[in-house]
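**Student:** Pasting a predicted model and its sequence here:
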Amino acid sequence: MQATCPGCGNHRCRGHGRSYNYTGDLPRLREASAVTAIAAPTAGGAGFRYYDAPTPNTTVAMSVPVTIRRRPLPDVVTQGLGSHPVLDAIFAARGVRESAELSFALKDLPPPSGMAGIDEAVSLLVQALEECQRILIVGDYDADGATSTALAVTALRMLGAAEVGFLLPNRFDYGYGLSPPIVDLAAERKPDLLITVDNGIASVDGVARARELGTRVLVTDHHLPPEVLPEADAIVNPNRADDRSGLNNLAGVGVIFYVMLALRQALQQRGHFGGRLPPLGELLDIVAVGTVADVVPLDRINRILVEQGLRRIRAGQTRPGIEALIRVAGRSREALCAMDIGFGLGPRLNAAGRLEDMRIGVQCLLSEDAGKALELATELDSLNRRRREIEQEMRDEAEAILQSGALSDAGNPPALCLYEPHWHQGVVGILASRVKDRIHRPVIVFASDDNGQIKGSGRSIEGVHLRDALDAVATRQPGLISKFGGHAMAAGLSIAEADFDAFRQAFAEEVGERLKGINADRCYLTDGSLRGQDMTLPLAEALRFAAPWGQGFPAPLFDGEFEVVDARLLQDKHLKLRVRVPGDDGVFDAIAFNNAPDPLPRGQVRLVYRLEINEFRGERNVQLMVEYLDY
């Protein structure tokens, strides 16, 4: 393995004067072993180039120790969990013990009756429908918010609501959640009932304002509740302290779907529908898109919801808007998987909320006309392209900041905060994620709010609960943070621009304390090696469709040593390899995006990779998607 200079990526460099790590040749991997290497840049300028897919993080601005560890297997691996012995081991390593756990039948879902607040919510909704009240849905401006809004509007109309509208606040004018200004804006439509989807759990002031105006409020949300809840007429949030439903991993779209299921049951018991239940199962395609795009843990409940939605989509039983999004994203409807949603459909929906107005996304999902849906999806695709351009400019500037010394030569910082006044508020979350992936430390990126405040979006790593860290900073230094909220891995906040340096120091100190005793190396947790005879199209196909892979139920990842048959660069930035397993005659294509090493690898290499299928000019071949390369 060759060490390289963080300044220029050249292993021969002697001019940048920076120290960097060199570990020499690494020992060969053995079963159930772990090896540690140092991830160093492998090419100057490859850096932050954009690629609309999960990309390897082989180029970093600081030396991050990398551990390759193989998932432990139970003493006994149940046979027949999958269609191949490799799948048996993969499922067993993820805690699956019997084939029944891989059933994706809707009958295996828990009922909504166990959710705290569900009875009060259903009573509100039954009254609203039977009295033909005006209902207004207030959504969030991300993909989960858009799908939640579209599902709520569609389901309520299916269940007989006389008048249902929706309102999605422009993030730049109103910010997040049911704020008093949003309530005043909603009041212009004279609603009898406000329903929040994917927001509202922290909207104490907004709910109070609605009560002043005589408007009832139903909050449906999945974000972690604050200590003081809004005084809404009903609150459904599976993360409430008193909720025992086991549905705490639902996305916002999953929560409102469950509320609609409970409402349908109550209306049926009251004699509605004449024995013909509205088919709410038709909405599972929307549930699948929102659940995957929001990156919630894919526990068994979410896997059922997502798989059922994917099956509907593949069978052509999906709405025109989702069909159109699949088309503009260049994906195959018949072969759609969760990764296609996460890296194809989700970014296009999110682009509307990031740059302009999420109403475009909701209108696309609600459209019943294929032509109109395609027109809206094309507009979303255009916004996503513009978002990429903005993101690339910000990433280039962040790259310059990192290379100029934001990362101390004395050691890697426990956390990083970046701020440029001209950065785009709607893109700071993506930039935080990219930088976090590079340096493998919690990162918060800020942009100006033009009123003396700056808004930040943060992303974290395993072992550092980001919202809890912000809560600790706010408790220790009252007034430093104006407001904050979020989850373990992602959070948002606002601070005074003048307090940026004070916050940056306080945040780094807090994260530093939380990292004590934690192995913060970048870790690739793999499913071991594959034999050459197992690297086949049938296995690659089986891996793709065996289950909805995602957060908490990760897609299969393998590691192994290979002999390089050929190596070349594509577009001067992507490494294309032809490799073989030592002692095997089979030769396989491999590609490492955004990795342009100098010199090109020869001889033996260690790869961490996903087994996928490359389709080109009508031919289908196995391809290794490389996430980490060492030689």
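**Tutor:** Sure thing, it's come through. Residues are numbered from 1 along each chain as shown.

**Student:** where are the low-confidence patches of this structure?
**Tutor:** The chain contains residues with pLDDT under 70 at 1-63, 405-411.

**Student:** any idea how far the longest helix seen in the chain is from the chain center?
**Tutor:** Selection of the longest helix in the chain by residue count, based on DSSP state H, yields helix 370-401. The chain centroid and the centroid of helix 370-401 are separated by 17 Å, computed with Cα atoms, centre = their mean, to the nearest Å.

**Student:** What distance separates the opening and closing residues of stretch 438-446?
**Tutor:** With Cα to Cα, to the nearest Å as the measure, stretch 438-446 spans 18 Å from end to end.

**Student:** from the middle of its chain, how far away would that stretch be?
**Tutor:** With Cα atoms, centre = their mean, you get 16 Å for stretch 438-446.

**Student:** same deal with stretch 436-447?
**Tutor:** That offset, for stretch 436-447, works out to 15 Å (Cα atoms, centre = their mean).

**Student:** Quote the end-to-end distance of that stretch.
**Tutor:** For stretch 436-447, the first-to-last residue distance is 17 Å (Cα to Cα).

**Student:** Pull out the buried positions in it.
**Tutor:** Buried residues in stretch 436-447, defined by neighbour count with 16 or more other Cβ atoms under 10 Å: 436, 437, 438, 439, 440, 441, 442, 443, 444, 445, 446, 447. To be clear about C-beta, it is placed using only N, CA and C from the backbone, and glycine gets the same treatment.

**Student:** In contact with residue 587, which residues?
**Tutor:** Neighbouring residues of residue 587 by Cβ atoms under 8 Å, 6 or more residues apart in numbering: 565, 578, 579, 580.

**Student:** Just the buried ones from those residues?
**Tutor:** By neighbour count, with 16+ other Cβ under 10 Å, the contacts of residue 587 hold residue 579 as buried.

**Student:** how about the contacts of residue 587, which pair is most distant?
**Tutor:** Greatest spatial distance in the contacts of residue 587: 578 and 580, 7.9 Å, computed using Cβ to Cβ.

**Student:** Common neighbours of the two, please.
**Tutor:** What both residue 578 and residue 580 touch, as defined by Cβ under 8 Å, 6+ apart, is the set 565, 587, 588.

**Student:** and the second one, what are its phi and psi?
**Tutor:** In this case it means residue 587. Backbone dihedrals for residue 587, given as degrees, to the nearest 10, come out at phi -120, psi 140.

**Student:** Name the nearest residue to it, ignoring sequence neighbours.
**Tutor:** residue 580 (4.9 Å; Cβ to Cβ, 6 or more residues apart in numbering).

**Student:** Repeat that for residue 346.
**Tutor:** residue 293 (3.3 Å).

**Student:** show me what contacts the most centrally placed residue in the chain?
**Tutor:** Of all residues in the chain, the one closest to the mean position by Cα atoms, centre = their mean is residue 295, 3.4 Å from it. By Cβ under 8 Å, 6+ apart, the contact set of residue 295 is 342, 550, 551.

**Student:** Mind doing that once more with 6 Å?
**Tutor:** residue 551 (Cβ atoms under 6 Å, 6 or more residues apart in numbering).

**Student:** and the gap between it and residue 105?
**Tutor:** 25 Å (Cβ to Cβ, to the nearest Å).
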